[in-house]
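> Take this sequence and fold it.
(one chain, ligands or ions: 1)
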Amino acid sequence: MGPAERVGSARGTGSAAKPKPDSKPDSKPKAEPTPERKTERKAEPTPKPKPKSKAKAKAKPESHLAMVRRARRINRELAELYPYAHPELDFRNAFELLVATVLSAQTTDLRVNQTTPALFAAYPTPEDMAAAVPEEMEEIIRPTGFFRAKTKSLLGLSAALRDDFDGEVPGRLEDLVTLPGVGRKTANVVLGNAFGVPGITVDTHFGRLVRRWKWTEQEDPVKVEAEIAEIFPKSEWTMLSHRVVFHGRRICHARNPACGACPIAPLCPSYGEGETDPEKARKLLKYEMGGRPGQRLSPPPEYPGAPAPALGAG
Ligand code: SF4
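Numbering: from 1, shown residues only. So this is what the prediction gives:
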């Protein structure tokens, strides 16, 4: 059922019966009804209980199995919608991805991508970064916000890579989360995209969308990750994460989701939470969906949008 069908039209035929023009009034005067008769005439028949409508019958809670089937179908639809889904941070190796992911806290991937070219030019390896002068690094990463705390994390994690992991980014979750500033989310991003280890990345977009789709009611990212992991095979985890985040950034926004332009609408229990007018909804679409540049300065070749502008260029 599409969004237009959900709205439905409820026009009545409205053909009120008219008196016949040739009907004559009774010639014989009628006897006045007795008070008892009046009472009889006024009595309304007891209304029969209406049979339950189909819509009401459908409103019974969705079974777990039905939810899993719907969730997998949404994933398939998203795969068709975003065949080019990818991590939206620019990186050339695991170290750059790790650093970029740490920097992406509380800012956009675009802002990180506009900042990292200068950072990696100055400190291309963990050894170089561990030896950085803090104030100089702070100046470079200032555009990403929280630059003092982030500098501290980057100095700490690059020193740990140099001292504990031979200058290499480890490919195991339990090692990654020991690095300063690296939590489970960052570790999963690095594992999924630099090591090919399946991982579900629960960021703000992912959490919001899976709750809108009623795949889970959990708020805690670790619990969300665990419940979503039960729904999908491991092989889907990394790409599912990208697709869901792509959808959250382009169509299913936090404040005003573009429901009227959303191909997932027929499968979405939260349809109507945002703009349902198709024309108004289309104007809300972002990045390549809205005909604008993406977040990466160096997007993958299959990306249909334009590369993002460098810092200060737009
Ligand atoms: S229909 Fe609306 S709430 Fe549902 S996924 Fe689409 S944009 Fe989000």
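> give me the element Val202 is part of.
Here Val202 is covered by no helix or strand, with elements defined by DSSP states H and E.
> which residues sit in contact with it?
By CB atoms under 8 Å, 6 or more residues apart in numbering, the residues touching Val202 are Lys185, Pro221, Val222, Val224, Glu225, Ile228. (Each C-beta comes from the backbone N, C-alpha and C, glycine too.)
> cutoff 10 Å now
184-185, 188, 210, 216, 218, 220-226, 228, 241, 244-245 (CB atoms under 10 Å, 6 or more residues apart in numbering).
> repeat for Pro83
Arg243, Glu302, Pro304.
> Find the residue closest to the last one in space, skipping its chain neighbours.
In space, not counting the residues next to it along the chain, Pro304 is nearest to Glu288; the distance is 5.3 Å by CB to CB, 6 or more residues apart in numbering.
> secondary structure class for the one you found?
helix (DSSP: H, G, I helix; E, B strand; the rest coil).
> just checking, it touches Tyr82?
Yes. Judged on CB atoms under 10 Å, Glu288 makes contact with Tyr82 at a distance of 9.4 Å.
> Give me the common contacts of those two.
Joint contacts of Glu288 and Tyr82 (CB under 10 Å, 6+ apart) are Phe246, Arg250, Pro304.
> In PyMOL, select just the buried ones from these.
This is how PyMOL selects the buried members of the shared contacts of Glu288 and Tyr82, with burial counted by 16 or more other CB atoms under 10 Å:
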select buried, resi 246+250
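> Output the shared contacts of Glu288 and Tyr82 as CSV; include the columns pLDDT, distance to Gln295 and secondary structure.
Below are those laid out as CSV (pLDDT from 0 to 100; distance: CB to CB, whole Å; DSSP: H, G, I helix; E, B strand; the rest coil):
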residue, pLDDT, distance to Gln295, secondary structure
Phe246, 98, 10, helix
Arg250, 98, 11, helix
Pro304, 97, 14, coil
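> Tell me who's in contact with Lys152.
Taking CB under 10 Å, 6+ apart as the test, what Lys152 contacts is Pro134, Met137, Glu138, Phe146, Pro180, Gly181.
> Go ahead and list the helix or strand containing the residue nearest to Leu311 when sequence neighbours are not counted.
Leaving aside its chain neighbours, Leu311 sits nearest to Gln114 (3.8 Å; criterion: CB to CB, 6+ apart). Assigned by DSSP H and E, Gln114 belongs to helix 109-122.
> buried stuff in that helix?
Asp109, Leu110, Arg111, Val112, Asn113, Gln114, Thr115, Thr116, Leu119, Phe120.
> about what we covered before: quick one: buried ones out of the contacts of Val202?
Buried among the contacts of Val202 (16+ other CB under 10 Å): 184-185, 188, 210, 216, 218, 221, 224-225, 228, 241, 244-245.
> Sitting in helices, which of those do you find?
Arg184, Lys185, Asn188, Val210, Pro221, Val224, Glu225, Ile228, Ser241, Val244, Val245 (DSSP state H).
> Which member of those residues is positioned nearest Gly272?
Val210 (18.1 Å; CB to CB).
> for the closest one, what are its contacts?
71, 74, 200, 202, 216-218, 224-225, 227-228, 231, 240, 244, 248.
> Can you say which helix or strand has Ser158 in it?
helix 147-164.
> can you state the direction angle for that helix and helix 109-122?
If you take axes from the mean of the first three to the mean of the last three CA atoms, to 10 degrees, helix 147-164 sits at 50 degrees to helix 109-122.
> Quick check: buried residues in helix 147-164?
Result for helix 147-164 [16+ other CB under 10 Å]: buried residues 147, 150-155, 157-162.
> Can you tell me which of those residues is nearest the ligand?
Lys150 (31.4 Å; CB to the nearest ligand atom).
> From one end of stretch 119-128 to the other, what's the distance?
11 Å (CA to CA, to the nearest Å).
> Now tell me what touches it from outside.
So stretch 119-128 is contacted by 90-93, 95-96, 98-100, 103, 112, 129-132, 136-137, 140-141, 144, 154-155, 157-163, 165-169 (CB under 10 Å, 6+ apart).
> If we ignore the residues flanking it in sequence, what's nearest the spatially most central residue of the chain?
With distances taken as CA atoms, centre = their mean, Gly248 lies nearest the centre of the chain, 3.0 Å away. Spatial nearest neighbour of Gly248, excluding adjacent residues (CB to CB, 6+ apart): His205 at 3.0 Å.
> Please apply the same query to Ser104.
Val112 (4.9 Å).
> Kindly report the same for Asp175.
Phe165 (7.0 Å).
> Identify the residues contacting the one you found.
Pro126, Gly171, Asp175, Leu176, Thr178, Leu179.
> what about the second one, how many residues close to it?
Okay, so that is Gly171. 15 (other CB atoms under 10 Å).
> And the first one, by the same measure?
As a burial measure, the neighbour count of Pro126 was computed by other CB under 10 Å and equals 24.
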